[in-house]
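# okay, sequence plus prediction incoming.
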Amino acid sequence: MSASSLVNRRYVGVRENLAYGIACGGQNMSYTFMASYLTYFFVNVFGIDPAIVATMLFIEGIWDAVNDPIMGSIVDKTRTRFGKLRPYLLVIPIPLAVVTMLLFAGPVLMAGASMGAKVAYMVITYFIWEFLYTICDVPFWGMSAAISPNPADRTRAISSARFSASILGGLPGIVLPVLIDLVNAGAVGISLQKIFFVIGIVVSFVGMGLFSLAGICTRERVAQSLEEPSLLDSFKYLFQNKPLMLLILSNILGALGGINGIFQNYYFIDVLGSASINIIIGIPGTVIGFIAYLMIGPLKKRFNNKQISIWMSVICGVLPAITFVLGYGNMKNMSVMVPLLMAQGALNALFNGVRMVIPTEMISETVDYMEWKTGKRSEGMSFSILTFISKFTGAMSKSMGTGLLKAIGYVTSSTNAVVPQSMHTQRGIFAMYTIIPGLLGILGIIPLFFYDLVGEKQQKILKELAERREKTEKREEEKPVEVDTQA
């Protein structure tokens, strides 16, 4: 079989693609719930001071700088009959589900406890959650590179994962805003503490149950070297990987726009006065977002990954800035803001859906590049850095955003009641939700201009890797079978 045939052969079937996608959706049920409501939960439900929460998130982000690369190196050293990635995907979902449930059980289990005890509970459960999440997230995204040597297979797997994540990951965000509004209006006889506890149980065990499909139903198809790289070697290869370094820098700069996620809930609750209106605003984006995954194939026929990523980032950064300009004088007016935010959400879903797939595929390209350059693959280290950057910048965004709540004069209540905010604070919330993160996010395109794994160079790498793998397989097949004559 020719090298070209090996590169273009389809290895991953529909069933495996579907399982990988559903697994990502299950993971995102838990992760999106955490990412979207963690600050609100700790500050407004658990009753912990925003400054303490911001400090914890900052320290946790620093811890990730150590924890994630070490985990990536451990994954790269793993050699079992199940592969180097699947063992973690088979084992970790259960303890991660338990810890997620315990984290959101804090206000119920620690009712009446001192503030010091609550802070200790928050820190311990959140750090354990982050540790376990890293152990499963690094192998999961590493699987997107190891599932097939064919870039088209990888694109389909990543698209399936992102598509499922956008659906299943959004489910808690449909239910929770309605419940928050009902509690704030006094229409239900249940507290926010118990609501978060119950939803925490659901997303923990349903989400992690689906996530376990990644370990059960997928296979690693790219052969690994028998030599186990040391931690020092893993870091050395990492810093030799210039394309990966550029993607890391792009992620760091682009993630400065992540503060919008912190201020989204505060905008709907404290400015528009309705958490559940977010559900209506999200409907067009949910429908139109499906089209994004159909756009990827046609776009890749005309443009390379670098070009697609740059243009999608620019568009997604400009959209919230336009919303700010058009909506500033009517930021409290639902009749103006709802259709405006619906339009922004629909367009953002269209372009961001593409943007969510392409960068992950580019990480796989850098793994191929290092195999071509050194003979060794490092999915664990490469995707651990991606995971670290995602979590670190997310933690920094949460820390920054939580700290900015006080800076703009945000006021909380010890009884979890909604406190009217000043006009100055409401304007600050609106700006932090729209124009500021939008413009900051565009900075991420700067390093991408120097990314060169495109065109003829990328095709050359894929062809030569396929030839090498074919020769290695033939050598293994031609090795004589050793017979034990002592038996």
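That came through fine.
# all contacts plus neighbour counts: C-alpha atoms, from now on.
Will do.
# just list the residues touching the residue positioned nearest the centre of the chain, thanks.
By Cα atoms, centre = their mean, the mean C-alpha position of the chain lies nearest to residue 390, the distance being 6.4 Å. Counting by Cα atoms under 8 Å, 6 or more residues apart in numbering, residue 390 touches 251, 255.
# 7 Å instead, please
For residue 390, the contact set (Cα atoms under 7 Å, 6 or more residues apart in numbering) is empty.
# residue 243 too?
Residue 243 touches 366, 451, counting by Cα under 7 Å, 6+ apart.
# buried sites along the helix or strand hosting the residue nearest to the centre of the chain?
In this structure, residue 390 is located in helix 379-407 according to DSSP states H and E. For helix 379-407, the neighbour count (16 or more other Cα atoms under 10 Å) marks 379-405 as buried.
# what's the next helix or strand after that helix packed up against?
The C-terminal neighbour of helix 379-407 among helices and strands, as given by DSSP H and E, is helix 423-433. Judged by 3 or more Cα pairs under 7 Å, 6 or more residues apart in numbering; DSSP states H and E, helix 423-433 is in contact with helix 260-266.
# keeping just the C-alphas, turn the helix it packs on into CSV.
Output of helix 260-266 as CSV, limited to C-alpha atoms (Å, rounded to 0.1, in the frame of the first residue of the first chain):
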residue,chain,number,x,y,z
ASN,A,260,-17.1,37.3,29.4
GLY,A,261,-18.1,33.9,30.8
ILE,A,262,-17.8,35.3,34.4
PHE,A,263,-20.0,38.3,33.7
GLN,A,264,-22.6,36.6,31.6
ASN,A,265,-24.7,35.4,34.5
TYR,A,266,-24.3,38.7,36.3
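# would you mind pulling the contact partners of that helix?
36, 275, 398, 401, 429, 432, 433, 434, 437.
# helix, strand or coil: sort out the last one for me.
The reference is to residue 437. helix (DSSP: H, G, I helix; E, B strand; the rest coil).
# could you check the pLDDT of the nearest residue to it once chain neighbours are set aside?
Nearest non-adjacent residue to residue 437, counting by Cα to Cα, 6 or more residues apart in numbering: residue 257, 3.7 Å away. pLDDT for residue 257: 81.
# same deal with residue 403?
Note on residue 403: pLDDT of 79.
# give me the contact list for stretch 21-35.
With Cα under 7 Å, 6+ apart, stretch 21-35 has contacts from 157, 160-161, 164-165, 168-170, 172, 203-204, 207-208, 210-214.
# repeat that for 6 Å
160-161, 164-165, 168-169, 203, 207-208, 210-211, 213-214 (Cα atoms under 6 Å, 6 or more residues apart in numbering).
# which of those fall in helices?
Among the contacts of stretch 21-35, DSSP state H puts 160, 161, 164, 165, 168, 203, 207, 208, 210, 211, 213, 214 in helices.
# give me the buried positions along stretch 434-443.
Those buried within stretch 434-443 under the rule 16+ other Cα under 10 Å are 434, 435, 436, 437, 438, 439, 440, 441, 442, 443.
# now do that stretch: distance to the chain's middle.
19 Å (Cα atoms, centre = their mean, to the nearest Å).
# and if you look at stretch 59-73?
16 Å.
# do stretch 429-440 as well
On Cα atoms, centre = their mean, the centre of stretch 429-440 falls 20 Å from that of its chain.
# what are the C-alpha coordinates of it, in CSV please?
Provided in CSV are the C-alpha atoms of stretch 429-440 (Å, rounded to 0.1, in the frame of the first residue of the first chain):
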residue,chain,number,x,y,z
ILE,A,429,-20.9,44.4,33.9
PHE,A,430,-22.1,45.1,30.4
ALA,A,431,-18.7,46.2,29.2
MET,A,432,-17.0,43.1,30.8
TYR,A,433,-19.6,40.9,29.1
THR,A,434,-19.2,42.4,25.6
ILE,A,435,-16.5,44.8,24.2
ILE,A,436,-13.6,44.2,26.6
PRO,A,437,-13.3,40.4,26.2
GLY,A,438,-14.1,40.7,22.5
LEU,A,439,-11.2,42.9,21.7
LEU,A,440,-8.8,41.2,24.1
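# quick one: contacts of that stretch?
256, 257, 260, 263, 264, 317, 320, 321, 324.
# got it, and stretch 299-310?
355, 445.
# helices or strands next to the one helix or strand residue 63 maps to in the packing?
Using DSSP H and E, residue 63 sits in helix 50-77. Helix 50-77 is packed against helix 379-407, with contacts defined by 3 or more Cα pairs under 6 Å, 6 or more residues apart in numbering; DSSP states H and E.
# from the chain's centre, how far out does the helix it packs on sit?
Relative to its parent chain, helix 379-407 has a centroid offset of 10 Å by Cα atoms, centre = their mean.
# please apply the same query to stretch 38-50.
22 Å.
# now for it, what's the gap between its first and last residues?
12 Å (Cα to Cα, to the nearest Å).
# residue 338: neighbour count?
Applying other Cα atoms under 10 Å, we find 18 other residues in the vicinity of residue 338.
# model confidence at it, what's the number?
Value listed for residue 338 in the pLDDT field: 94.
# distance of residue 103 from residue 206?
In terms of Cα to Cα, residue 103 sits 16 Å off from residue 206.
# and the two? Which one has more around it.
Neighbour tally, residue 103 and residue 206, criterion other Cα under 10 Å: the higher count belongs to residue 103, 23 against 15.
# got phi/psi on that one?
phi -60, psi -50 (degrees, to the nearest 10).
# what sits closest to it if chain neighbours are left out?
residue 125 (5.4 Å).
# now do residue 455
Nearest one to residue 455, counting by Cα to Cα, 6+ apart, is residue 304 at 7.4 Å.
# mind checking pLDDT for that neighbour?
At residue 304, pLDDT is 93.
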